[in-house]
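# I would like to see how this sequence folds:
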Amino acid sequence: MTYDSRYFPRKTSSVRVSRVAPFLAMDVMTAAALKERSGASVIHMEVGQPSGPAPRRVIAAAGQALSSGRLPYTEALGMPVLRERIARHYRDTYRVVVAPERIVVTTGSSAGFVLTFLTLFDAGARVAVPEPGYPAYRNILNALDLIPAPLRLHAEDRFAPTGEGVRALHAQEPLAGLLVMSPANPSGTVIEPARLSELCRTARDLGIPIISDEIYHGLEYGVAIQTALQTDPDAVIINSFSKTWSMTGWRIGWMVVPEALVRPVERLAQNLYISAPYLSQVAALAAFDAIEEVESTRAGYEANRTLLLDAFPALGLGRTHPSDGAFYLYADVSDLTDDSTHFCRRMLDEAGVAATPGLDFDPVEGRHHVRFSFAGSHDDCCEAVTRLRNWKR
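Residues are numbered from 1 along each chain as shown. Down below sits the predicted model:
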């Protein structure tokens, strides 16, 4: 029997896929790679990709595991020894006691968000997400038939959310959850401990869960930082080895969840992922012993940050949030353009510097902003400054 599309039209994609916007940072990376394949030189400042390798201990542990020849499934929640080590990390770093049973090892933070949203919310639930903020938040929510409710952030508040803003958003239409990020992407803002406590109290008063994205913890510059667990033991924490430990391609992260959510998350993980990769879990366990290398990498980012903050004003990029953490500068380019996408396209084509237009992070005001990642080498950051200084825009 042959298939006749006149009578049985095939649907090529679901409606929910149409609600998922492209990830512009990845699109820029693709355009930059195409330019490089043509022989051009590009300085990559478009993605949050550490330029250095994973710590030596991580690579050695993975090599030893590979030599055994067997890379099995693990328990869906992760290897017990890794969950115990992550729990110890909270005790040593934050003086917070977390039972290892509440730790869930995930395939990067991305899987953590999918598991969290599916566990906490039913279709149609409205979840507050920061704007500007990481674009995958709203895209994952849209893909899961959930509603991202933009929580507007403002430069005068250091691009940090406020309890007042959350309450106002909830008053417009009830929220089912609140998502915060510190240090933040794209602004680099670290939410001050008192402000984070206020946000946790606000969520508790409204009767909604708070989800804290802490993927950039360990990459802060001279400011105090805390985990939401220090204020709210029932907060859902999302973290990863990708950024602080330079393990993006290893795709390994973790969640901390309230005890009541462990089994629901486990049931989903069993069916959606089976388990995070064994090899990456072995490597992640070794990462906690790579303190010196991690600190050296952080110091390198701090030097890059200082270089760019000193250089940007003369380049017309002076209205830039100082970036308390992570490895981004979110530059206001409204004096130079009202179309940051076109601006970034020209900057790549004419100056050989790849950066991400703000529309990735803020569909409303993002046309006035560009995000620059300083996760590359110091030499690359110096070269980027030279190219932007010589760019005839």
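
# For the closest residue to residue 278 other than its chain neighbours, which three-state class applies?
Of all residues not flanking residue 278 in the chain, residue 71 sits nearest, at 4.8 Å (C-beta to C-beta, 6 or more residues apart in numbering). Backbone N, C-alpha and C define where each C-beta goes, glycine included. Using DSSP: H, G, I helix; E, B strand; the rest coil as the criterion, the local structure at residue 71 reads coil.

# Next: residue 148.
Following three-state DSSP, residue 148 is assigned to strand.

# Tell me how many other residues surround residue 194.
A count of nearby residues for residue 194, using other C-beta atoms under 10 Å, gives 11.

# Could you report the pLDDT at it?
Per-residue pLDDT puts residue 194 at 96.

# Output the longest helix belonging to the protein.
Secondary structure of the chain per DSSP state H: the longest helix is helix 291-311.

# Quick check: phi and psi at residue 103.
phi -90, psi 130 (degrees, to the nearest 10).

# Surely it is in contact with residue 78?
Yes - counting by C-beta atoms under 8 Å, residue 103 does reach residue 78; the two are 6.9 Å apart.

# From residue 230, how far off is the closest residue to residue 91 other than its chain neighbours?
Spatial nearest neighbour of residue 91, chain neighbours left out: residue 97 (6.0 Å); criterion: C-beta to C-beta, 6+ apart. Distance, residue 97 to residue 230, by C-beta to C-beta, to the nearest Å: 11 Å.

# Likewise for residue 212?
For residue 212 relative to residue 230 (C-beta to C-beta), the value is 10 Å.

# higher neighbour count, the two?
For residue 212 versus residue 230, neighbours defined as other C-beta under 10 Å are more numerous around residue 212 (26 against 16).

# State the number of residues packed around residue 363.
By other C-beta under 10 Å, the residues close to residue 363 number 15.

# what does residue 122 give?
9.

# Helix, strand, or coil at it?
coil.

# quick one: contacts for residue 136?
23, 110, 113 (C-beta atoms under 8 Å, 6 or more residues apart in numbering).

# With residue 60 as the reference, measure out to the first one.
Right, the one you point to is residue 23. 33 Å.

# more neighbours, those two?
residue 23 (16 against 12).

# ok, and the closest non-adjacent residue to that one?
Nearest in space to residue 23, with sequence neighbours left out and distances taken as C-beta to C-beta, 6+ apart, is residue 135 at 6.0 Å.

# ok, how many other residues are close to the one you found?
If we define neighbours as other C-beta under 10 Å, then residue 135 has 26 of them.

# Show the subsequent helix or strand relative to the helix or strand bottoming out on mean pLDDT in the chain.
Between all helices and strands in the chain, the lowest mean by mean pLDDT, DSSP states H and E belongs to helix 15-18, at a mean of 77. With elements assigned by DSSP states H and E, the helix or strand that comes after helix 15-18 is helix 24-37.

# Check which helices and strands that next one sits against.
When contacts are defined as 3 or more C-beta pairs under 8 Å, 6 or more residues apart in numbering; DSSP states H and E, helix 24-37 packs onto helix 340-346, strand 353-354, strand 356-357.

# Report the distance from the last one to the chain centre.
Meaning strand 356-357. Offset of strand 356-357 from its chain centre (C-alpha atoms, centre = their mean, to the nearest Å): 15 Å.

# same for it, what does it pack against?
Counting by 3+ C-beta pairs under 8 Å, 6+ apart, strand 356-357 packs on helix 24-37, helix 340-346, strand 369-373.

# The first one now?
Applying 3+ C-beta pairs under 8 Å, 6+ apart, one finds that helix 340-346 makes contact with helix 24-37, strand 356-357, strand 369-373.

# circling back: pretty sure the residue nearest to residue 23 sits against residue 24.
Yes - using C-beta under 8 Å, residue 135 is in contact with residue 24, at 7.4 Å.
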